[in-house]
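Participant: Sequence first, predicted model second:
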Amino acid sequence: MPGGRLTSEDRQHIATGLAEGLGYTEIGQRLGRPASTIMREVTRNGGPDDYGADRAHEATRHRARRRKQAQPPAPPVPDSGHGRDPQAVQDLTESYTALLVQQGMPRMTARVLACLCITDSGTLTAADLVQRLRVSPASVSHAVTFLEQQGLLRRERVPGVRRERYVVDDEVWLRSTLAALQMNDALVAASQRAAEILGVATPAGARFESSAEFLLLVSESLQKVMEQWRQSRAARSAGVTGTNPPTT
């Protein structure tokens, strides 16, 4: 089914599409799949000139069996003391990871972020992530670097020891939006400059001018949204403080 694993029938359709000279996008549209899924499937199974549906299906089954045999049992979900259903938490983690991947985030990076987000403390060390995700320290390091660049986490020193821990908090998406805003502002400036150089009376220059106008509106809207969110948080915080009983 769309979004799930490719079936034998899906692979037959891919092989037929390749034989017809269709591109990955067209084949993906027929199957209701992203073009990237079709490209990965074909690339890992001989390429467009040597893709065979039956051979690809068997190779995929073989890889799945090998991975299953090589992986140790998954560590138990830590008991948070909140009476949560461990399987429901696991399902949530997987679905949230899949959503992040659909938004364009690399899968390993999405797994790290999801793992941090479902942790009540919002804080894990590299060793914690390696154990929970069963991946190499290098994989965690690359993912953390990406997330930090996007403003989606921050590092802090663990008191008393020479190691770091990675933190997500209530402002995780605010920082990400700030990073996106900075990039958007850079695109506005670049588009305005391009319009000046190319001339707004030309098709290319007019296109850049239109893009600059739209991106500028996006920046202004993002700034307003962030300010509204800050005010809302401040009001909630003041409300909680105001409900405290007076001291005697």
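Facilitator: Cool, got the structure. Residues are numbered from 1 along each chain as shown.

Participant: rest of the way, CA atoms for contacts and neighbours
Facilitator: Will do.

Participant: what kind of secondary structure is the closest residue to Pro137 other than its chain neighbours in?
Facilitator: Spatial nearest neighbour of Pro137, excluding adjacent residues (CA to CA, 6 or more residues apart in numbering): Val130 at 6.1 Å. Secondary structure state of Val130, per DSSP: H, G, I helix; E, B strand; the rest coil, is helix.

Participant: for Val130, what are its contacts?
Facilitator: Going by CA atoms under 8 Å, 6 or more residues apart in numbering, Val130 touches 136-137, 140.

Participant: phi, psi of Asn45?
Facilitator: The phi/psi pair for Asn45 (degrees, to the nearest 10) reads phi -130, psi 40.

Participant: Pull up the gap between it and His13, please.
Facilitator: Look at Asn45 and His13: by CA to CA, to the nearest Å, they are 15 Å apart.

Participant: Which strands or helices does the one helix or strand in the chain whose mean pLDDT sits lowest pack on?
Facilitator: Using mean pLDDT, DSSP states H and E, helix 53-70 stands out as the lowest-scoring helix or strand of the chain, at a mean of 76. For helix 53-70, the elements it packs on are helix 8-19, judged by 3 or more CA pairs under 8 Å, 6 or more residues apart in numbering; DSSP states H and E.

Participant: phi, psi of the nearest residue to Ile14 once chain neighbours are set aside?
Facilitator: Excluding the flanking residues, the one nearest Ile14 by CA to CA, 6+ apart is Ile27, at 6.4 Å. When read as degrees, to the nearest 10, the backbone of Ile27 gives phi -70, psi -40.

Participant: so where does Leu22 fall, helix or strand?
Facilitator: Leu22 is part of no helix or strand, with elements assigned from DSSP states H and E.

Participant: Run a quick neighbour tally on it.
Facilitator: By other CA atoms under 10 Å, the residues close to Leu22 number 14.

Participant: quick one: pLDDT of it?
Facilitator: In this model, Leu22 is scored at 89, pLDDT.

Participant: mind listing what's buried in stretch 125-134?
Facilitator: Buried residues in stretch 125-134, counted by 16 or more other CA atoms under 10 Å: 125-126, 129-130, 132-133.

Participant: Now do the helices in the protein.
Facilitator: Here the chain has its helices, by DSSP state H, at 8-19, 24-31, 35-43, 53-70, 86-102, 107-117, 126-133, 137-149, 172-198, 203-242.

Participant: now the angle from the second one to helix 8-19?
Facilitator: Read that as helix 24-31. Per axes from the mean of the first three to the mean of the last three CA atoms, to 10 degrees, the angle that helix 24-31 makes with helix 8-19 is 140 degrees.

Participant: where's Thr177 relative to Leu152, distance?
Facilitator: According to CA to CA, Thr177 and Leu152 sit 9 Å apart.

Participant: Mind checking which of these two has more residues around it?
Facilitator: Applying other CA under 10 Å to Thr177 and Leu152 shows that Leu152 carries more neighbours, namely 21 against 18.

Participant: is it true that the more buried one touches Val168?
Facilitator: Yes: look at Leu152 against Val168 with CA atoms under 8 Å: they come within range, at 6.9 Å.

Participant: got any ranges where this protein has weak pLDDT?
Facilitator: Across the chain, the ranges flagged by pLDDT under 70 are 1-4, 66-81, 161, 240-248.

Participant: How is it divided into domains?
Facilitator: Annotated domains of the chain cover 8-70, 86-167, 172-238 [automatic domain parsing].

Participant: Name the residues of stretch 16-24 that come out as buried.
Facilitator: Buried residues in stretch 16-24, defined by neighbour count with 16+ other CA under 10 Å: 17-18, 24.
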